[in-house]
Every structure is written in structure tokens, then in C-alpha cells.
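1. predicted model and sequence follow; I will ask about them next.
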Amino acid sequence: MTEIAQWALRLDPLAWPFALAVAWAVGEFGHRWSGLPRISLYGLVGFLLGHAQLGFLPATDTSGIALVAHVAFGLILFELGYRVNLHWLRANPWIPATSLIESVATFGVVYWVATAFDMPTLSALLLASLAMSTSPAALLRVINEQRSSGQVTERALHLTAGNCVISVFVFKVIVGFWTYQASGSVWESISNSLVVLTASAALGAGFGMLVPYLLLRLGSKAADATISFAISLVLLVSITHSMKLSPVLAALTFGVMARHRRVTLNPAQRNFGALGDLLAVVLFVFVSATIEWQRAWAGLGLALALIAVRSLAKLLSTGLLAHPSGITWRKGVLTGLVMTPISVFVILLLEQTRFLGIDLVDQLAPLAAATLLLELVGPVVTQRALRAAGERSDAQKG
């Protein structure tokens, strides 16, 4: 055990607060000095201070910080769902079609590469299902940081919402088969997939109808609505966590329903203001701290191949379908680049399966390297793509 780890054990109650303070300072000064996204710098600090690296932070599976990270992710998923315009999707069916096609294409090429590296079939299927997703946390943080808006921004948000839902669905079904192989229980396998998905969506929809109804009855203002949504999300994530449901699907459904119940979220409170900023530091430090460098190094070869084919599938899908969906080929390709990040979504989904008693981390070692690389590089690619699309706010261009 390193001297840093021994010192950290004596200061265990202070480890996370100190790490968050360091990450925030590095993020602020690093962003001003280099222009890099703050979340990439938060992730770097979290990785270096992680239990498997310098050993300053305690193991994430023995810390209550995991629930806080899930709440932080829930706030982000709510905002993503809130920004999904169902009327637009109905008016332009090429948007959901693009989401489905790019997800299926990503699944196919990642599965093919994984089996080419002699990965077992079930592990390759799980890897492919996770690779379909884009990290809504990284995407929204970069968009909010740059105050981006425009065709590329909106399409990336809608495509991300779509591929996250598809990824959760496919992942849960495959985990159900995994459970069936291990236990031989049909009911247990079904309960870990379709029942979980249905119950999670229903719970999120229920919150999405009840909370706006109460706010409209009370006549609350926008600022009050933001606080109410934040408290509701803490409750929703805690319930789904305790009931072993999917916080991802519940929070996303909550956001979609809330938008279409005529309750306005004040633009000044996007990202839930200071609360969202604080929890973002917790989220990205936590996610990076879960990655072990030994596992990342062991899976580096497959991880690089995975990143390459995943990026190619998304770029080709969004580029080739750009004209039918109403934008230029260039904007279609930039949309694919914006959707590069993956790490937060993957790590929290794997953490949830561990909470359910199914440890898939060792089975999917290449994901450690892929998530580490995309945790640091993905937000930078998103930032540069949004700049190339000319969708940064004028206030941020100077």
C-alpha cells in the first residue's frame, strides 16, 4: 500500500470532499488556461486519485457517494428528457429513424470487432449494447458550458436520448439472458429485463404527471419549479435504486413527460444552477475513480478498435442520413462527432448491475480503457465539433 493510501485511510471522511475541491479547482483554472472542458479535467483528477491509482479515494463500491452520483446523473437525464420535443420527432420521422439506424450500426460493428478479438458471445453482446449509447452527462455539460444552440446541438440531444433508451433496453434484455444462464430461472431473467424497464418507465411517467399537476395547482413560479423537480428527482432516483429499477429510464421519462405537461423550466436554471454544477463535479470524479488502470491497460487494444468502429458507425449514419432528415452532410457528420462521449452512461449502468448482484466489470475489461479515453477526450471532441458547427453562444466566442 502506498504512503498516500495509508494517509488517505486516516483521513477517509475527508477524502471525497478534498478530492472534489481539488477537481473543481483544476477544472476552473485548467479551463481558463487551456479552454478544455471542465468535465475532462474533473475526470482526470478522479482517475489519478482513484482507489486503484494513487489510492487517495476509498473504493467506490464501499462508499455512499455512488447514490449521490446517480442523483447527479438523474438531474442530467431529466434535463435531456425535458429538451426532447416529441412534436418535432413526429413531424420529422427521420430523426428517430437516424437514432435507430446509428444504434443498430454501432451495435453490429462493435459486436463484430469484439468477436474478432475472441471475446465470448455474451460478453460481446453486452459490450455492443453499451457502445450504442452516448453519454448525456458529457454532452449536456459541454453544451451548457458553451451555451450552444442550433441544428447540430438539438439533433445530437435527440439522437442521444434515443440511443440511450435503446441501449438500456438491449442491455437489460441481454442481462436477463445472462441471469437465466446463471440461475436457470425464467422469472428472474424476465424481472431483470422487461419488468424492470416497464416499471421504471411507468414510475418516471407517474412523476412526470404528478409533479407538474401539483405545480400548476400551486401556481409556482419557474424558480420554484426547478427546486421541485430537483427534490422530486432525488426521491425518484432513491426509489428506483432501492427497488432495483432503472434510474436512467425513470429520470429520462420524467423529463419527457414534464416538458409536455406545460411546465416551464427557467433557462437561467438549466442544469439546475449551482446544485447541478456541484453534482457534476461529484459525478465525473466518481465515474473516473471507478476505472482501474490495470484493467484499462489490459483491454487497450480492443478498446482502441472499439472506439474507432463506434465513431465510424455514428459518423456514417448521421452523415448519410443528413439530407433526408433536412440538414447538410457536413452538419450530419458534426452531429456524429458531437456524440463521441460514452463513459458516464456506461459506468453507472455497470455500477447498477453490480448493485443488483451481477458483476460485469471483469467480463468487459476493454470498456475500462474505452471509458477512460472517452472520459478525457470525448468532451473535447464534442466541444470542437460544436465550435466547427458555429453553435457556440456569442457570449462565449471571445
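-> Everything's here; your move.
2. wouldn't Phe107 be in contact with Leu126 here?
-> No - taking C-beta atoms under 8 Å as the definition, Phe107 is not a contact partner of Leu126, at 10.9 Å. C-beta: built from backbone N, CA, C; applies to glycine.
3. among the two, which residue is more densely surrounded?
-> Neighbours per residue, other C-beta atoms under 10 Å: of Phe107 and Leu126, the larger number sits with Leu126, 26 against 23.
4. that one contacts Val173, correct?
-> No - counting by C-beta under 8 Å, Leu126 does not reach Val173; the two are 10.5 Å apart.
5. does Leu210 belong to a helix, a strand or coil?
-> Secondary structure state of Leu210, per DSSP: H, G, I helix; E, B strand; the rest coil, is helix.
6. show me the shaky parts of the stretch 251-398 of the chain.
-> 261-271, 343-345, 347-368, 393-398 (pLDDT under 70).
7. show me the helices in it, by range?
-> Using DSSP state H, counting those that start in this stretch, the helices of the stretch 251-398 of the chain run over 273-289, 293-298, 300-320, 322-325, 329-338, 343-355, 366-388, 394-397.
8. the fourth one - contacts with which helices or strands?
-> Judged by 3 or more C-beta pairs under 8 Å, 6 or more residues apart in numbering; DSSP states H and E, helix 322-325 is in contact with helix 94-116, helix 329-338.
9. where exactly do the helices run in the stretch 1-150 of the chain?
-> Counting by DSSP H, counting those that start in this stretch, the helices of the stretch 1-150 of the chain are 3-10, 12-34, 38-49, 65-82, 86-91, 94-116, 121-131, 136-146.
10. any chance of these in JSON lines, plus mean pLDDT and distance to Leu302?
-> Compiled in JSON lines, these are given as follows (pLDDT from 0 to 100; distance: least, C-beta to C-beta, whole Å):
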{"stretch": "helix 3-10", "mean pLDDT": "50", "distance to Leu302": "30"}
{"stretch": "helix 12-34", "mean pLDDT": "88", "distance to Leu302": "29"}
{"stretch": "helix 38-49", "mean pLDDT": "89", "distance to Leu302": "20"}
{"stretch": "helix 65-82", "mean pLDDT": "85", "distance to Leu302": "26"}
{"stretch": "helix 86-91", "mean pLDDT": "88", "distance to Leu302": "35"}
{"stretch": "helix 94-116", "mean pLDDT": "94", "distance to Leu302": "7"}
{"stretch": "helix 121-131", "mean pLDDT": "85", "distance to Leu302": "9"}
{"stretch": "helix 136-146", "mean pLDDT": "88", "distance to Leu302": "22"}
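11. now tabulate those helices in CSV and tack on distance to Ala250.
-> Output for the helices of the stretch 1-150 of the chain, formatted as CSV (distance: least, C-beta to C-beta, whole Å):
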stretch, distance to Ala250
helix 3-10, 34
helix 12-34, 26
helix 38-49, 23
helix 65-82, 8
helix 86-91, 18
helix 94-116, 20
helix 121-131, 19
helix 136-146, 14
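12. nearest to Ala201, of these?
-> Ala201 lies closest to helix 65-82 among these, at 11.2 Å (C-beta to C-beta).
13. quick one: the closest one to helix 12-34, angle?
-> Between helix 65-82 and helix 12-34, the angle comes out at 40 degrees (axes from the mean of the first three to the mean of the last three C-alpha atoms, to 10 degrees).
14. distance from helix 65-82 to the middle of the chain?
-> Taking C-alpha atoms, centre = their mean, to the nearest Å, one finds helix 65-82 lying 9 Å from the centre of the chain it belongs to.
15. keeping just the C-alphas, turn it into CSV.
-> Provided in CSV are the C-alpha atoms of helix 65-82 (Å, rounded to 0.1, in the frame of the first residue of the first chain):
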residue,chain,number,x,y,z
ILE,A,65,-21.1,8.5,-3.0
ALA,A,66,-22.5,6.2,-5.6
LEU,A,67,-26.1,7.2,-4.7
VAL,A,68,-25.1,10.9,-5.0
ALA,A,69,-23.6,10.2,-8.4
HIS,A,70,-26.8,8.5,-9.5
VAL,A,71,-28.8,11.5,-8.3
ALA,A,72,-26.4,13.8,-10.3
PHE,A,73,-26.9,11.7,-13.4
GLY,A,74,-30.7,11.7,-12.8
LEU,A,75,-30.7,15.5,-12.9
ILE,A,76,-28.9,15.4,-16.2
LEU,A,77,-31.2,12.8,-17.7
PHE,A,78,-34.2,14.8,-16.6
GLU,A,79,-32.9,17.8,-18.5
LEU,A,80,-32.1,15.7,-21.5
GLY,A,81,-35.7,14.3,-21.5
TYR,A,82,-37.1,17.8,-20.9
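16. for that helix, packing partners?
-> On a contact count with 3+ C-beta pairs under 8 Å, 6+ apart, helix 65-82 meets helix 136-146, helix 151-183, helix 222-242, helix 247-259, helix 273-289, helix 343-355.
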